[in-house]
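**Q** Below is the structure, and that's it, no one-letter string:
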């Protein structure tokens, strides 16, 4: 698969990757015996693409992606994500040939905690005007890859999203009720 296809059909590719990601996350939550709701935003105007909820924990998630080997060094993050409870960014890294999810980069905090500081590096429009000027986008901040944490697997990501002891807590609660 040529790099141009990833550029020419990037919106379609993003959708397919999101479906694959959600499928894998749903399977992981199913194996843990935890129901998860998924709500999708039609636009990312509010700073997030999807809202995930499990056991009362809500995560407003802005999705990003790049293929393994891409030179992507930063991501544009909408500042409105910081207004959402437990907002986070999940950067999916994938194999460019198979679209298989390889690893995840995480920018966020524990459930209930605010998004880490976004900084003050303002993003710019991708395309310039007729004179080549690229205007700033006041609601966008640039976050360098180094500020993201590597999360190697879906189970690790589920822990990061919904607290590592969530499954153990749920099992203890069932035992106490019985």
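**A** Now that the structure is in, tell me what you want to look at. Predicted, not measured: the structure shown is a model, and the values here were computed from it.
**Q** Give me the next element, helix or strand, following the longest helix that the chain contains.
**A** Identified as the longest helix of the chain according to DSSP state H is helix 10-31. Later in the chain than helix 10-31, the nearest helix or strand by DSSP states H and E is strand 36-40.
**Q** Adjacent strands (with direction) for that next one?
**A** strand 50-54 (antiparallel) (DSSP bridges).
**Q** Now do the buried residues in the partner strand.
**A** 50-52, 54 (16 or more other C-beta atoms under 10 Å). From N, CA and C alone the C-beta is placed, and that goes for glycine too.
**Q** one step back: what are the buried residues along the longest helix of the chain?
**A** Buried residues in helix 10-31, counted by 16+ other C-beta under 10 Å: 13, 17-18, 21-22, 24-25, 28-29.
**Q** what about it, distance to the chain center?
**A** Distance, stretch centre to chain centre, for helix 10-31: 11 Å (C-alpha atoms, centre = their mean, to the nearest Å).
**Q** Would you mind measuring from the residue nearest to the spatial centre of the chain to residue 36?
**A** Nearest to the mean C-alpha position of the chain, counting by C-alpha atoms, centre = their mean, stands residue 90 at 2.3 Å. Residue 90 is 14 Å from residue 36, where distance means C-beta to C-beta, to the nearest Å.
**Q** How about residue 133?
**A** Counting by C-beta to C-beta - residue 133 and residue 36 are separated by 44 Å.
**Q** what about the two, which has more around it?
**A** residue 36 (20 against 9; other C-beta atoms under 10 Å).
**Q** quick one: the more buried one and residue 29 touch, right?
**A** Yes. Residue 36 lies in contact with residue 29 (C-beta atoms under 8 Å); the separation is 4.4 Å.
**Q** got any residues that touch both of the two?
**A** Shared contacts of residue 36 and residue 29, defined by C-beta atoms under 8 Å, 6 or more residues apart in numbering, comprise residue 54.
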